[in-house]
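Novice: how would this look folded up:
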Amino acid sequence: MNAIKINNFTKIYKRKSKKVNAVKNLSFAINQGEIFGFLGPNGAGKSTTIKAIMGLITPTKGEILINGVSSQNPQSRKKVGYLPENPSFIDSLSGLDLLLFSATMHGIDKKTAKVQAYKLLEELGLKDAAKRPIRTYSKGMVQKVGFAASIIFDPDILILDEPMSGLDPISRYEFKNKFKELKQKGKTIFFSSHIIPDVEDLCNRIAVINRGSLIDIFEMESIKVLSTSGYEIFFKGNVCFDSEVLPGEIKKITVPSKDLLNTLENLKSKGEVEIVSINPLQEDLETIFVEIINKSKING
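Specialist: Below is the predicted model:
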């Protein structure tokens, strides 16, 4: 069974005399135990989709299932943790109060909740601010305490909308370590993000959405293949070839991906050649993402 299954989800908003098609016939499934990234430019439909998964809005058409149960049924979210984009909490509460509230709302006894709350606050660098009102927290601290509140009751699925927005590099590192720890425990994590390196580091698969429509779903391994723009070939041998000479009599040539096989055959045909290594030259994921979005605009 899929952790989350989205079938032909469409959301149309009525604004004055116009209809705005925020999401159009979106379909994909998220496997249990995977970290699944949701990428798209601003206004692509990411937050609308996440709100529909959480039952905060009703689909105009289609359905969303969480562990086989409709997202419109509150029972579907009993074991789902949620962090919205730019979370807002009762600012008179302390961080500790918020975590205790979240835990007890999900049936955890107060003693266990307190132990778990302090553990999470310490892991996320909030121990010293545990009893301070949330109104004194920075944006990054609010993000962290919201994340802690979403996982304190040990959910099976996490739905996170831009979870690392506003975090400094150290906090992002702490978040990513927590994501990896949760994945090792078999948790399913679905998160939207515009921070490409985080997606690249964490995800098994990513869905790319633009203008409310799914462009494609990519395995991270296939993205790495797509990102290969060429190769560096390191070799030894007394051959006449336009190459860079490196220490240790090693020579290097750089070729486009399409020319790799022909170049290797050409090298070997010139005499005794020892291939030392072949290293792919890879574009970063951000470049590939921009290319995918731009291509969808042309085709759309």
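
Novice: Tell me which residues are up against stretch 202-218.
Specialist: For stretch 202-218, contacts defined as Cβ atoms under 8 Å, 6 or more residues apart in numbering pick out 21-28, 31, 34-41, 44-46, 48-49, 176, 179-180, 189, 199, 219-220, 223, 226, 289, 292-293, 296-297, 300. C-beta here means a position set from N, CA and C on the backbone, and glycine is covered the same way.

Novice: taking those residues one by one, which sit in helices?
Specialist: If you go by DSSP state H, the contacts of stretch 202-218 have 46, 48-49, 176, 179-180, 199, 220, 223, 226, 289, 292-293, 296-297 in helices.

Novice: K111: which of these is nearest?
Specialist: Lowest distance from K111 to these (Cβ to Cβ) belongs to F179, with 27.8 Å.

Novice: nearest spatial neighbour of the closest one, skipping sequence neighbours?
Specialist: Leaving out its chain neighbours, the residue that sits closest to F179 by Cβ to Cβ, 6 or more residues apart in numbering is L202, at 5.5 Å.

Novice: picking that back up, just the buried residues out of the ones in helices among the contacts of stretch 202-218, in PyMOL syntax.
Specialist: Remark: buried members of the ones in helices among the contacts of stretch 202-218, expressed as a PyMOL selection using 16 or more other Cβ atoms under 10 Å:
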select buried, resi 46+48+49+176+179+199+220+223+289+292+293+296
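
Novice: In terms of distance to P280, which of the ones in helices among the contacts of stretch 202-218 ranks first?
Specialist: Using Cβ to Cβ, L226 is the member of those that sits closest to P280, with 11.3 Å.

Novice: Flag every buried residue along the strand or helix carrying K5.
Specialist: Assigned by DSSP states H and E, K5 falls within strand 4-15. Residues 4-6, 9-11 are the ones in strand 4-15 that count as buried (16+ other Cβ under 10 Å).

Novice: Fine by me, we can end here.
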